[in-house]
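Undergrad: From the sequence below, what's the structure:
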Amino acid sequence: MTHFNVDFRYGHTTSNEAAYTVISAVQMVMWDRFRELTRTLHHVVNDLEPWRWQIDPEIGILKHCTRCGTKEHNQPQCRAHIKRCNRCVKAGREKAAYAHITKLCTR
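TA: Here you go, the predicted structure:
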């Protein structure tokens, strides 16, 4: 965003990270066309920013365990006895194999 002279505000929230990623991607692909516009990308971002407070906070899942997959608790509270991740075992990551079930493996 710095490259395109746009302030990156309120980062590290899912919606802002996604929005700034899309904005950056569009800017990179269409840079030549955007230079012809009378309004800068910075102005567009400033105009859209107030809308971020109007997003319904009930959207999404409040609880989801990345270890066992339940929607009853989050990972730090997980006390479930889980089977080790087969992918991690095969890859030689024995310690990681007990951190999640195979279905939730990101490797």
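
Undergrad: Excluding chain neighbours, what is closest to V6?
TA: H42 (4.9 Å; CB to CB, 6 or more residues apart in numbering). Where C-beta positions appear, they are placed from N, C-alpha and C, glycine not excepted.

Undergrad: host element of the one you found?
TA: In this structure, H42 sits in helix 41-48 according to DSSP states H and E.

Undergrad: How far off centre is that helix?
TA: Going by CA atoms, centre = their mean, to the nearest Å, the spacing between the C-alpha centre of helix 41-48 and its chain's C-alpha centre is 21 Å.

Undergrad: do stretch 3-21 as well
TA: Distance, centroid of stretch 3-21 to centroid of chain: 11 Å (CA atoms, centre = their mean).

Undergrad: now swap in stretch 1-15 and tell me
TA: 14 Å.

Undergrad: Just the endpoints, please. Distance across that stretch?
TA: 16 Å (CA to CA, to the nearest Å).

Undergrad: Which residue is the nearest non-sequential neighbour of L104?
TA: G69 (5.7 Å).

Undergrad: Isn't the one you found up against I101?
TA: Yes: using CB atoms under 8 Å, G69 makes contact with I101 at a distance of 6.2 Å.

Undergrad: So which of the two has more stuff around it?
TA: Taking neighbours as other CB atoms under 10 Å, G69 and I101 compare with I101 leading, 19 against 14.
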